[in-house]
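Novice: Sequence first, predicted coordinates after that:
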Amino acid sequence: MGCSGPERVVLCVGNLLMGDEGLGPTLAQAMASEQVLDAGTVGYAMLSEFRRYQELLLVDAIDGSGKPAGTLLRFKPGQLRLSSGFRGAHDIGLSDVIMAAHLLGLDPKIECCGIQIARMDFGLGLSQAVKAALPALQAYVEAWLAR
């Protein structure tokens, strides 16, 4: 098995009802692009996107990085610990989805990025620190798509 398409896509993961965890969907709405998808909190259902595209950029709220809230973070999937801090109110973590894709023989090139959150609790809206970092994240995503 492998990827069937030549395209690249940005999968924005998150939950708008959980404060800064809504980073991904907020970015997808702001960019309004066919290449920037709101993946919600769908978990293993994202594997269909791993099959369709040769390159994926996964965007999510990040907690536990040790960096100040609002810090833009970029890394490769191998830098994730299985079920680590790169997860929010999802049924499973992104690291679990990436591992499942590997086990299924799906091999898109994957990069991860996000913003260190200030808070994750029930409620709408992003913290000031995360809001302030959104333009930098959007610029990074636009540059990634333009490569």
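Specialist: Thanks, I have the structure now.
Novice: how near is Gly93 to Gly14?
Specialist: Per C-beta to C-beta, to the nearest Å, Gly93 is found 13 Å from Gly14. C-beta here means a position set from N, CA and C on the backbone, and glycine is covered the same way.
Novice: and the two? which has more neighbours close in?
Specialist: Between Gly93 and Gly14, counting by other C-beta atoms under 10 Å, Gly14 is the more crowded of the two (27 against 21).
Novice: Show me the shaky parts of this protein.
Specialist: In the predicted model, the chain carries pLDDT under 70 at residues 1-6, 42, 80-91.
Novice: Go again with 90.
Specialist: Counting by pLDDT under 90, the chain shows low-confidence ranges at 1-7, 40-46, 64-65, 75-99, 107.
Novice: show me where it has strands.
Specialist: 8-13, 36-40, 55-62, 72-75, 109-116 (DSSP state E).
Novice: Please work out the angle formed by the directions of the first one and strand 109-116.
Specialist: Orientation note: strand 8-13 sits at an angle of 40 degrees relative to strand 109-116 (axes from the mean of the first three to the mean of the last three C-alpha atoms, to 10 degrees).
Novice: Name every strand pairing with strand 8-13 and say which way it goes.
Specialist: Strand 8-13 has the following strand partners under DSSP bridges: strand 36-40 (parallel), strand 55-62 (parallel).
Novice: Output the contacting helices and strands for the top helix by length along the chain.
Specialist: Longest helix in the chain by number of residues (criterion: DSSP state H): helix 128-146. Helix 128-146 is packed against strand 8-13, helix 23-31, strand 55-62, strand 72-75, strand 109-116, with contacts defined by 3 or more C-beta pairs under 8 Å, 6 or more residues apart in numbering; DSSP states H and E.
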